[in-house]
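Enquirer: build the 3D model from these lines:
(one chain, ligands or ions: 3)
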Amino acid sequence: MKTLIKNGTVITASDTYKADVLIEDEKIVLIGINLPAEGAEVIDAEGLLLMPGGIDAHTHLDMPFGGTTTADDFYTGQRAAAFGGTTTHVDFALQQKGKTLKHGVEMWQAKAKGKTVIDYGFHIAITDPTEESINEISSLGELGVSSLKVFQAYKGAFMVDDTALFKAMEKARDADILLMTHSENGDAIALLTEKLVSEGKLAPKYHLDAHPREIEGSATARAIAMAAVTGAKLYVVHMSCSDSIEQMAMGRAKGYNVMGETCTQYMFKFEDDMKVPGFEGAKWACGPPVRTPDDAEYIWESLRDTTLQTVATDHCSFNYEGGVNGKGPGKELGKEGWHKIPNGIPGIEDRMPVMYHNGVNAGRISLNRFVAITSTNVARAMGMYPRKGTIAAGSDADIVLWDPKKKHTISAKTHHMNVDYNAYEGMEITGKPVRTIIRGTTVVDGDKFCVEKGFGKFIKRKGPQIV
Ligand code: DUC
Ligand code: ZN
Ligand code: ZN
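Expert: Ligands and ions are numbered 1, 2, ... in the order given. Modelled structure (predicted):
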């Protein structure tokens, strides 16, 4: 099968140029001027940008968490991602206590099976760091997994101590696995939580007091120091504030193998949104928490100056009004106390348009930088480049046809995510995907969804790069 995309403007992390793109089966085979159309289906992309499909390195689909399970499964979450121009994501598989890492990956493979409509991979989160589990890091490559997550938070659930983190880093270094940390101080959070709850401080806003910025900063510093000593490749996920990003800047200035990710919500949702009267603030409970408008500006600057290299979503959807009309339990679980609110914000569909409008249109980042932080750098870090993350001969034909003039108002009423609220409700954006192509197949065409469940492929990853 041949497809020729004519007259579009190709945008990569480094270049902007007008060209035709020829696709044969699943791959891009030729990029050039006035390519002949014989035997090909022709797509006219006049006035459109051709960008590599977005890659979201941080999602939680069908994940049991906080006494319930996330509202989006692999079908609803991936379908929404495709409407938003994301063509690949890497989801977090969780090791179950007493079980192997491989078992965790297999569990998540089973959740995805028969539901996938975009391409995907898995990180594995180590939650039971026995000697056996640590040794298993050496064979993660055989599962097509090139990244290992370690939680420095969620004491009593996912958190592991520094001994385990250090040992995991040594093994990850030897096996060329990317070590990812959720950097907060779980011990301090547990103590603060206990104190706040015992004082009857139960409204959603107290979530903020239990997750101070300073402990995100110091946990990040701890992870970076251990990466420096062990030589592991470190990727710090969901960096929310200047306290942690300053540590990242310092680590990178010293030449350590470290890089950082932020998430869209940290540029648009703030502490004040959690401080509103009533329960509404529960929508924005996530870990690390939302911070301040000053942090948002700091994040934009850090994305510009390459201190931060990727933007993900940490998509973790829970209904605001769950437990009714066939919906599973959601945020309402925390009505009696903020500490019972399931942590997470949805956004897998919104990342690309929101970052484009507020980044590129607002003059904060260039188009090429937009591609770098939403796709190319992610593919490199996750061990998928150049198969994913660029428009080049030999790469998978994952291409988003982007209309830079198309206007849209984001709303839960029209979004495709299986959740009853949207973090960007009412945001008027200009520029969005009009056609999403994955491995040469059109997955979304305007409002139409064009593939069946099971289309999405598991991507075996290896050779993570710090960028
Ligand atoms: N943070 C969230 O907000 N949700 C899922 C897990 C996490 O670390
Ligand atoms: Zn996390
Ligand atoms: Zn997460």
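Enquirer: hey, what's residue 69 bridged with?
Expert: Beta-bridge partners for residue 69, by DSSP bridges, are residue 64.
Enquirer: I'd say it and residue 111 touch.
Expert: No. Residue 69 lies out of contact with residue 111 (C-beta atoms under 8 Å); the separation is 10.1 Å. (C-beta placed from N, C-alpha, C; glycine too.)
Enquirer: between the two, which contacts overlap?
Expert: Contact with both residue 69 and residue 111 is made by residues residue 62, according to C-beta atoms under 8 Å, 6 or more residues apart in numbering.
Enquirer: tell me the contacts of the nearest residue to residue 91 once chain neighbours are set aside?
Expert: Among residues not flanking residue 91 along the chain, residue 59 sits closest, at 4.9 Å (C-beta to C-beta, 6 or more residues apart in numbering). Contacts for residue 59 (C-beta under 8 Å, 6+ apart) come out as 77, 81, 89-92, 312-316, 348.
Enquirer: quick one: residue 59 and ligand 1, what's the gap?
Expert: Residue 59 sits 10 Å away from ligand 1, going by C-beta to the nearest ligand atom, to the nearest Å.
Enquirer: do residue 373 as well
Expert: Plainly put, residue 373 is 20 Å away from ligand 1 if you go by C-beta to the nearest ligand atom.
Enquirer: repeat for residue 95
Expert: The value you get for residue 95 to ligand 1, if C-beta to the nearest ligand atom is used, is 15 Å.
Enquirer: thought residue 127 was touching that residue, still the case?
Expert: Yes. Counting by C-beta under 8 Å, residue 127 is a contact partner of residue 95 at 4.8 Å.
Enquirer: and the helices in the stretch 251-400 of the chain?
Expert: Ranges of helices within the stretch 251-400 of the chain are 271-274, 293-304, 351-355, 367-371, 377-381, based on DSSP state H, counting those that start in this stretch.
Enquirer: quick one: closest of the ones you listed to ligand 1.
Expert: Ligand 1 lies closest, by C-beta to the nearest ligand atom, to one member of these: helix 271-274, at 12.8 Å.
Enquirer: dig out what the residue nearest to residue 406 when sequence neighbours are not counted forms beta bridges with.
Expert: Using C-beta to C-beta, 6+ apart and skipping residues adjacent in sequence, the residue nearest residue 406 is residue 432, 5.0 Å away. Counting by DSSP bridges, residue 432 is bridged to residue 403.
Enquirer: quick one: contacts for residue 432?
Expert: Contact analysis of residue 432 by C-beta under 8 Å, 6+ apart lists 85, 352-353, 356, 402-403, 406, 408.
Enquirer: how about CSV for those residues, with pLDDT added?
Expert: As requested, the contacts of residue 432 are arranged in CSV below (pLDDT from 0 to 100):
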residue, pLDDT
85, 98
352, 98
353, 98
356, 98
402, 98
403, 98
406, 98
408, 98
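Enquirer: just the closest of those to ligand 1, please.
Expert: Using C-beta to the nearest ligand atom, the shortest approach to ligand 1 within the contacts of residue 432 belongs to residue 352, at 20.2 Å.
Enquirer: and the residue lying closest to that closest one once chain neighbours are set aside, what does it touch?
Expert: Closest residue to residue 352 apart from its sequence neighbours, by C-beta to C-beta, 6+ apart: residue 85 at 4.1 Å. Residues near residue 85 by C-beta under 8 Å, 6+ apart: 51, 53-54, 352-353, 400, 402, 432-433, 436.
Enquirer: again, but for residue 157
Expert: By C-beta under 8 Å, 6+ apart, the contact list for residue 157 reads residue 127.
Enquirer: output the below-cut-off pLDDT ranges for this structure.
Expert: Across the chain, nothing is flagged by pLDDT under 70.
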